[in-house]
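K.L.:
sequence-free structure coming up:
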């Protein structure tokens, strides 16, 4: 009995001591509300729509400080931001789309958002407007237009008709296009606080009253409708240059920092950290869960970033996708978790059929033309190309869940992938082991080169693939060279400085590199194989027709899949190209941080910052 | 002389423009700035290619494009050089102006410490050639010589930042560490303090035991979580400083010097609390210089009370002691700031950072916090650079001094009966400095060129980072800007080194070569 009592007393005393210690101990228990994100280069400006400003860091900051009608999620699906407003097709003929801002949405300076704020986007993405207003022709090779924008020449520019029409209550804007463009959702106009530009053009350096802001915005509407060269010229100059700052502090013009996003820039140290705090008036998008501050810190070196992650100085690091870097991040478990994934970038091998479209000269290499011999040799090359080995040795160490890509049209994660690869005939290049495929390839080569044997080097192929400094590509080329030699090919794998400027050079018989997708267009990757866009002299009437169809009007998912399948079948039948892998991503994330779920499209990591939160474990 | 300098300047320009022409063309053909756009599936990629071609003048072949760049640079002669715009839209001149101070801050401290430490240790090893100390330092120097900076940096970050921060969450030293650290310092000091076997043993055991005791006390009191001297320990340390400085400066037998140094220690104690108050006043720009001034005035006048003759060395001793004691007081203040600094949200109990120059989240306004923040950010890069560069100076000064000591004029100096101190300091040391000076000048140019790897590893945005960025993004204007500044400084530094050489050494006259 005595013992029990002592034990009880001891437990009670310990508990009490623990309680006291807990009360007086350091206040580490509360979950953090500040997240630190690594950027590998410094901030160069707050307006990423300006030429030269479209860098990851600038895009991330702009994404957090301004939110539009839609954004991509981690599944590459476009999500409508119905908090800000809605948009719909209001007429099929002529094709008209209306964007409507919900009432009550405000900029961070308190000014209500309305349809006028959508109009700047028209100026910065329509070459025609720039020409009419006398602001310079974006197609000119000598003179930079006043609005030095990246947006000219896109789908919107190609199809927009006339000026966007503002409704009487100024809350909605209607756009007319010359055709039913399938990707109309992707050309949603950005919202911009145009009143701040007008105020800055008038020399203001302080936030103004809502009434003054509204008056300034009405002025903008007038300038816009009348193509006012002088006023728009001043605004354009500001738009192109005033946001090119890498330092933000109390002396920065607050008009530059007005936005409708969840966070706004508070300070930026030149070449250093950028601190963003909550926008107190934010009501234009998803609710922010718990974060109060977002800090971007600049670390160029991968090892340094990983160690900073381990030291708790940063919480998220979009790592370099190399095997070493991933191994380093993994070694830091459990403090750090590695979130892998795929980027919307895919590596593929292309074979030259003829000279690039629109170039002079001819191509007489082994793969030239559509004769049986050329098709057989191309088939042999693709059969012996060690795609699985490349996958296992180079990509799997980075992303263990990566899959070999077998469709040029859709990524393995997309719903239609399984259906397409089961019918596209790609099994020709996947059946059996690599040794069996290489043997088949050698047999095909022997038909035309009777002396061909492993190592004979009968078919000489010059390969284009990248900079000498790109170790991943050099390793891929080495694997390909070894395997192809077994099928009688002699692959010239000298890397090329400035390789991308030789894409249309007939000197090269084959090339492997990556296409970068930036958005989910209905036409997908079909455009790559269209006659006029093709650097490899490939021309296929069926594919050209499908490309036209896909660009003509919106189609249902099943209709799109059927067309993608047809394109894949044609490409495989003609043996002109094969995909290899999706570029892997590897993000190191502090174990305490939840909700990080990178998107394949820009802004990859921060697209859902509002969902991030820390646990206190 | 004039003709010589003019000719050298002429050569300088030929080198600068010749090398920049070669570099420009090599860099231009090393890659394709349009790569990202050519592999992009963006519908307006074609328009973007037009834009970029226009911005970068890609339609002009590189050998001619160089002259577009050169036209901007030649503005130097009319006072308005134009280094052009980087691909990120910023002015190259502004980027460089921002980068140079960063680089200087990063390397200046480390270089100065490395030079002072390296040369003094080099001289001592030369004077005690083949002693235990010499062997120990030779070993250390070669060890450091062979370490690559990126590896040292990674290790330093792991042990002095990550592990140390972990340790701070419960700052008690475990027995194995306590024994290990004590043994290590015992061996270290025993190796450095040369002497016969008995003395070595005494030093070894003494240091080991003293260290173990000290670490045990620090561990039990959790000193590392809330460090500081307090007035009593500060006073004891100051007394120690008084004895040490007097011993080195005038000899311990100089009673007046010792007394005035001890008086300084007493003043340090008496003024402890007033100093704490002064440290916190708002008008720091007025108060701090006044404090420094007062320190020197007091240190210079107090000795007058203790001696009427031969005051020079005594005043010197007193000032030196007072200065070191003042530093200790500042260190104490910084240590008191340590705990509040750790407890800020910005630092969150992990005070030693692995990268960057400042903590962006730290609220500005508190002078001591900001100062401490600066120091902790300098800690790792300075240590890494110091470890790497210090070895070179040790070996070089040792070798040079040994060579000088074998010269005839040293034998002559000894033969005519000069004291050993005079022989070494006046005759040998000064001649040792001649080749060292030229090395330092050339090193300086190298410093501005940037410590590419160090900057990258520690996330400092200096000249090295700019250079790296320029190469990776094929940013010719930026690359050429950095190259031009670096090359200019390198060539100029060589000229200055040559001129200094002839100024320091009368045997070499630049004029004679210009004939």
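P.N.:
The structure has been received and is ready for your questions. It should be emphasised that the depicted structure is a prediction, and the values quoted were computed from it without experimental measurement.

K.L.:
The residue of chain A found nearest chain B in helix, strand or coil?
P.N.:
The nearest approach of chain A to chain B comes at residue A:153, 2.7 Å away (CB to the nearest CB). In this view, the C-beta of every residue, glycine as well, is placed from N, C-alpha and C. Under DSSP: H, G, I helix; E, B strand; the rest coil, residue A:153 falls in the coil class.

K.L.:
Enumerate every residue touching it.
P.N.:
With contact set as CB atoms under 8 Å, 6 or more residues apart in numbering or on different chains, residue A:153 has these partners: A:127, A:138, A:139, B:43, B:44, B:46, B:47, B:48.

K.L.:
and with 6 Å instead?
P.N.:
B:44, B:47 (CB atoms under 6 Å, 6 or more residues apart in numbering or on different chains).

K.L.:
again, but for residue B:322
P.N.:
B:264, B:295, B:299.

K.L.:
count of residues packed around residue B:13?
P.N.:
When neighbours are counted by other CB atoms under 10 Å in any protein chain shown, residue B:13 registers 11.

K.L.:
Whichever strand or helix holds it: which residues count as buried?
P.N.:
Taking DSSP states H and E as the criterion, residue B:13 maps to helix B:2-29. Buried residues in helix B:2-29, counted by 16 or more other CB atoms under 10 Å in any protein chain shown: B:4, B:8, B:12, B:16, B:17, B:20, B:21, B:23, B:24, B:25, B:27, B:28.

K.L.:
distance of the residue of chain A closest to chain B from residue A:134?
P.N.:
Per CB to CB, to the nearest Å, residue A:153 is found 19 Å from residue A:134.

K.L.:
hang on, the earlier thing: next, check the contacts of residue B:322 against the strands and list the overlap.
P.N.:
Per DSSP state E, strands hold no members of those.

K.L.:
Counting only helices, which of these make the cut?
P.N.:
Counting by DSSP state H, those place B:264, B:295, B:299 in helices.

K.L.:
Spell out which parts of the stretch 1-150 of chain B neighbour chain A.
P.N.:
Contacts of the stretch 1-150 of chain B with chain A, taken as CB under 6 Å from any CB of the partner chain, map to B:30-32, B:35, B:38-44, B:47, B:51, B:54, B:87-89, B:98.

K.L.:
again, only this time at 8 Å
P.N.:
B:29-32, B:34-36, B:38-44, B:46-48, B:50-55, B:59, B:87-90, B:98-99, B:102, B:150 (CB under 8 Å from any CB of the partner chain).

K.L.:
Secondary structure element for the closest residue to residue A:339 other than its chain neighbours, which one?
P.N.:
Among residues not flanking residue A:339 along the chain, residue A:587 sits closest, at 4.5 Å (CB to CB, 6 or more residues apart in numbering or on different chains). Assigned by DSSP H and E, residue A:587 belongs to strand A:577-590.

K.L.:
residues in contact with the helix or strand that that strand is followed by?
P.N.:
Where DSSP H and E defines the elements, the next helix or strand beyond strand A:577-590 is strand A:593-594. Strand A:593-594 has contacts (CB under 8 Å, 6+ apart) with A:35, A:315, A:316, A:612, A:613, A:614, A:615.
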